[in-house]
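**Student:** Just a sequence and a predicted model for now, questions to come.
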Amino acid sequence: MVYNPRPKIVLVTAIPPVHTSLSEYGKFLVEGLLGANPNYDLHVLADLTDQVVTEMSHPRLKVERCWRLNDLRNPLKLIKRLLAIKPDLVLFNLQFASFGNRKVPAMLGLTAPMLAKQMGFKVISLVHNLPDAMQLDNPCFGRSRLEQKLIQLGSSMATRLLLSSDRLVVTLESYRKLLQTRYSAKNVEVIGLGSYIKPASELQLQSANRFLTFGKFGTYKRLEKLLDTFAELSQEYPDSELIIGGTDHPATPGYLASIQQRYADLKQVKFIGWIPDEELPERLREVKALVLSYESTAGSSGPLHLALSQGKAVLAPDLGDFRLVADHEGAELLFYPPEAPNGLGDLIGQVIRNEVNLESIGQHNLALAQGTSAEATARRYADLIETVLGHHHSPQHAPQDQTPHPPDTLPQRDAWPQAS
């Protein structure tokens, strides 16, 4: 194998300012990879938008928008571009609905890593959720038992397609074990989400009874239970406040508008729309805790890890991946029983009455986040890319500056030009 001193990496991902799924993590991967290896030339194949946008800019970065949500031609478009670019490696940043909120285009899009591999490219696929680990019998995943069974069958097929990659990256150790057990997979790597927003330098506690929730709402992330709970709590604690940031999930357009209309009488609730990546740390510092109101889980939670990066308490339902993050990553979360009618309200009340030690929880979570920095996470991806390219196994071809750079030499996120 001939060593290329400037490997050309293609990253297939959503990126801001389009607020589709995983766009923020796509931005983190762009910044992280360019910072982790000064030799990479990075070509991003991103999702199309009708907006006029200012793309991220860097001397070693090219952004090309060439695929669109729910387009049946996405895999062919991607392969056509890969054949033209001729990259040394392709990295896909995916979840199972990345290419569509309808079943057929979503499934077709997930064939792209397999097709790229068949065309002779080195392929790494990062998958943020795993249907085998979800409660696919939950009504939010299908209107009937037949539909749920078809989703399970399609998800299993898609998982096998993704496993044809040179490496399949998951964010939780339990996902790797599941893939090894159920699919006899031997090419799965675990790289946690980490603190892909720079952790706070010190803990900042908030005395005001202000709570935050944010995300893409309408499927398994729903607001009815949280707002009903808050309607009752606000009578006992009139100084309490709930801030809701985010947008509709692509599969549920109009959801937030209907919720705002239904709960318009709740004066202590503020809907603030999408929160830009660079504003999230300040929004988190302004609140006492983050509240996660989920009916199911679909992978390691981005909002949860962002809250940990600012040393915030997180109120989460005791189910699925939230428990795994606590048990396997060491996060200290405040759990409520999702099936209990007053479970969430009781827990929020305890936080308001200062019956939980928010300082101890915050210090613990902040220290955890500081130990899993964006720089360290990005370097793990760079190391994996080098391994798949074969560079780690060919020292005679290694470039002269192979000594790892200390984390503080990587570009800080707030130093990057922001997409707008």
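**Tutor:** That came in fine, so what should we check first? Residues are numbered from 1 along each chain as shown.
**Student:** mind checking how far the residue sitting nearest the centre point of the chain is from Thr213?
**Tutor:** Centroid-nearest residue in the chain: Gly302, 4.6 Å away (criterion: CA atoms, centre = their mean). Using CB to CB, to the nearest Å, one obtains 13 Å as the distance from Gly302 to Thr213. The C-beta positions use only the backbone N, C-alpha and C, and glycine is treated the same way.
**Student:** Also Lys177?
**Tutor:** 30 Å.
**Student:** Just the buried positions in stretch 324-336, please.
**Tutor:** Leu324, Val325, Ala326, Glu329, Ala331, Glu332, Leu333, Leu334, Phe335, Tyr336 (16 or more other CB atoms under 10 Å).
**Student:** What's the per-residue pLDDT of the closest residue to the second one other than its chain neighbours here?
**Tutor:** I take that to be Val325. Distances taken as CB to CB, 6 or more residues apart in numbering place Ala331 nearest to Val325, at 5.1 Å, with adjacent residues excluded. What the model reports for Ala331 is a pLDDT of 86.
**Student:** One more: Tyr196?
**Tutor:** Listed pLDDT for Tyr196 reads 69.
**Student:** looking at this, Ile243 is in a strand?
**Tutor:** Yes. Checked against DSSP: H, G, I helix; E, B strand; the rest coil, Ile243 lies within a strand.
**Student:** doesn't Glu286 make contact with Gln206?
**Tutor:** Yes. Gln206 lies in contact with Glu286 (CB atoms under 8 Å); the separation is 6.4 Å.
**Student:** The residue nearest to Val325 is in contact with Leu308, isn't it?
**Tutor:** Yes. Counting by CB under 8 Å, Ala331 does reach Leu308; the two are 5.8 Å apart.
**Student:** Return every residue with contacts to both of these two.
**Tutor:** By CB atoms under 8 Å, 6 or more residues apart in numbering, Ala331 and Leu308 have these common neighbours: Val314, Asn365, Leu368.
**Student:** any idea which element the last one lies in?
**Tutor:** Secondary structure assigned from DSSP states H and E places Leu368 in helix 358-370.
**Student:** what packs against whichever strand or helix holds Ala257?
**Tutor:** Using DSSP H and E, Ala257 falls within helix 255-262. Packing partners of helix 255-262 (3 or more CB pairs under 8 Å, 6 or more residues apart in numbering; DSSP states H and E): strand 210-217, strand 241-248.
**Student:** returning to that earlier point: please identify which of the shared contacts of Ala331 and Leu308 is nearest to Ala376.
**Tutor:** Nearest to Ala376 among these is Leu368, at 12.5 Å by CB to CB.
**Student:** Ramachandran coordinates for the closest residue to the closest one other than its chain neighbours?
**Tutor:** Closest residue in space to Leu368, ignoring its immediate chain neighbours: Gly330 at 5.7 Å, by CB to CB, 6+ apart. With angles defined as degrees, to the nearest 10, Gly330 sits at phi 90, psi 10.
**Student:** Please tell me how far Gly330 sits from Val12.
**Tutor:** As judged by CB to CB, Gly330 and Val12 stand 32 Å apart.
**Student:** sorry, back to before: what's the closest of the helices and strands packed on helix 255-262 to Leu22?
**Tutor:** Among these, strand 210-217 sits nearest to Leu22 (CB to CB), with 10.4 Å.
**Student:** For stretch 367-378, C-alpha coordinates in PDB please.
**Tutor:** Output of stretch 367-378 as PDB, limited to C-alpha atoms (Å, rounded to 0.1, in the frame of the first residue of the first chain):
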ATOM      1  CA  ALA A 367     -15.400  16.300  36.200                       C
ATOM      2  CA  LEU A 368     -16.700  13.400  34.000                       C
ATOM      3  CA  ALA A 369     -17.200  15.800  31.100                       C
ATOM      4  CA  GLN A 370     -13.700  17.300  31.500                       C
ATOM      5  CA  GLY A 371     -12.200  13.800  31.300                       C
ATOM      6  CA  THR A 372     -13.900  13.100  27.900                       C
ATOM      7  CA  SER A 373     -13.100  16.300  26.100                       C
ATOM      8  CA  ALA A 374     -13.900  17.000  22.400                       C
ATOM      9  CA  GLU A 375     -10.200  16.900  21.700                       C
ATOM     10  CA  ALA A 376      -9.800  13.400  23.100                       C
ATOM     11  CA  THR A 377     -12.900  12.100  21.300                       C
ATOM     12  CA  ALA A 378     -11.700  13.600  18.000                       C
END
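**Student:** if we look at that stretch, which residues are touching it?
**Tutor:** 28-29, 31-33, 35-36, 191-199, 305, 308-311, 329-331, 407-408, 410, 413.
**Student:** quick one: low-confidence parts of the stretch 51-200 of the chain?
**Tutor:** Applying pLDDT under 70 to the stretch 51-200 of the chain flags residues 134-144, 196.
**Student:** domain assignment for this structure?
**Tutor:** 8-194+373-411, 210-370 (automatic domain parsing).
**Student:** still on that earlier bit, what are the buried residues along the helix holding Ala257?
**Tutor:** Residues Tyr255, Leu256, Ile259 are the ones in helix 255-262 that count as buried (16+ other CB under 10 Å).
**Student:** Between strand 241-248 and that helix, find me the angle.
**Tutor:** Computed by axes from the mean of the first three to the mean of the last three CA atoms, to 10 degrees, the angle separating helix 255-262 from strand 241-248 equals 140 degrees.
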